[in-house]
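> What would the 3D arrangement of this be:
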Amino acid sequence: MCALDPVATVVPTMHLETASRAGVIPTGLWVVRKRGRVTRELAGVIWCGANLNAVLPTQDHEEDDARAEVASAIVTRLSRPAALVGEAELTLDLWGRVEPWWGPARQVRPSQVSMAISGPPRTVAEPDDSVEPMRRATMDDYDALLPAAVHMFVGEVGYDPLTYGRQAYEGRLTHLVKQGRSYVRYGIVDGERTVVFKAEVGVVGGKVAQIQGVWVHPALRGRGLGSAGMAELVRHTRGDHAPTVSLYVNDFNEPALRAYDAVGFERVGTFATVMF
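Model prediction:
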């Protein structure tokens, strides 16, 4: 079921693959079965961790009843996550069903562009020879990486993760660094060497790697560092993690969309995010 759209379902796919390798089903992984069938065949899967992601069939009259039952089960069995995230039609439909219990949302982003690239990136000129080559971050980079990650998070999500949920946030960033899934570039800003581009491979599953947390130092924005950094990041990610590289971005973020288009990302779908 996940393989029908591996880019949209990369998060539950990752957890399914991890469970298969470990032989242990995590508490956040839930199966959905069709009712009233002798075979009780699968109808979908739900992952509820920090975010909730659902894989369910395309909506029709029969599936509408299934979604109503899924929404009811979500409300009664699961704690409200930090966000609902995934394919827009399904995510917004589920949100409409659970809103009376889980609302109000802090923010709803109904139209985020899902993008992917499955080949080498286009060549993008480096805007500044003084910027160092991209590499995997190590824990030696952590003190320089953390402020960049927090700045990105505040701008994207709207609150300081070091004030609300510091332990979980730093635990997640540390995990990605130790797993070799955090990438950095250094450069000179105001005479000091600092991180000027960073991103994480937040999810890997089904031969798809999802990029998260893309950030360019504010002092260097508008110079092409974002597109050059993304081209290099795609090369690293395809070599280190998965042949298809994906991400999703707010449809109003024109600078980011231009950078991703320049690298060769294709628009493959629409995501939505409901944040609490």
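> CA atoms only for stretch 220-240 - export them in PDB, please.
Output of stretch 220-240 as PDB, limited to C-alpha atoms (Å, rounded to 0.1, in the frame of the first residue of the first chain):
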ATOM      1  CA  LEU A 220      23.800  35.100   2.700                       C
ATOM      2  CA  ARG A 221      20.300  34.600   1.300                       C
ATOM      3  CA  GLY A 222      19.400  35.700  -2.200                       C
ATOM      4  CA  ARG A 223      22.900  34.800  -3.500                       C
ATOM      5  CA  GLY A 224      22.200  31.300  -4.800                       C
ATOM      6  CA  LEU A 225      23.700  29.500  -1.900                       C
ATOM      7  CA  GLY A 226      20.400  27.600  -1.300                       C
ATOM      8  CA  SER A 227      20.200  26.100  -4.800                       C
ATOM      9  CA  ALA A 228      24.000  25.300  -4.800                       C
ATOM     10  CA  GLY A 229      23.700  23.700  -1.400                       C
ATOM     11  CA  MET A 230      20.600  21.700  -2.500                       C
ATOM     12  CA  ALA A 231      22.400  20.400  -5.600                       C
ATOM     13  CA  GLU A 232      25.300  19.200  -3.400                       C
ATOM     14  CA  LEU A 233      22.900  17.800  -0.800                       C
ATOM     15  CA  VAL A 234      21.100  15.700  -3.400                       C
ATOM     16  CA  ARG A 235      24.400  14.200  -4.600                       C
ATOM     17  CA  HIS A 236      25.300  13.300  -1.000                       C
ATOM     18  CA  THR A 237      21.800  12.000  -0.100                       C
ATOM     19  CA  ARG A 238      21.500   9.800  -3.200                       C
ATOM     20  CA  GLY A 239      25.000   8.400  -2.600                       C
ATOM     21  CA  ASP A 240      24.600   7.900   1.200                       C
END
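> Would you check how far apart A54 and P133 are?
Noted for A54: a distance of 39 Å to P133, by Cβ to Cβ, to the nearest Å. C-beta: built from backbone N, CA, C; applies to glycine.
> Could you look up the SS state of P81?
Here P81 is coil, with the state taken from DSSP: H, G, I helix; E, B strand; the rest coil.
> circling back: out of A54 and P133, which sits in the busier spot?
The neighbour comparison of A54 against P133 (other Cβ atoms under 10 Å) goes to A54, with 25 against 9.
> burial of the spatially closest residue to the more buried one that is not a sequence neighbour, as a residue count?
Computed as Cβ to Cβ, 6 or more residues apart in numbering, the closest residue to A54 that is not its neighbour in sequence is I46, at 5.2 Å. Counted with other Cβ under 10 Å, the neighbours of I46 add up to 21.
> Make sure I have this right: I46 is in a helix.
No - assessed by three-state DSSP, I46 does not belong to a helix; its assignment is strand.
> Does A19 fall in a helix, a strand, or a coil region?
helix.
> Would you check how far apart Q112 and G86 are?
For Q112, the distance to G86 equals 10 Å [Cβ to Cβ].
> try A19
Relative to G86, and taking Cβ to Cβ, A19 is found at 19 Å.
> who's more crowded, these two?
G86 (28 against 13).
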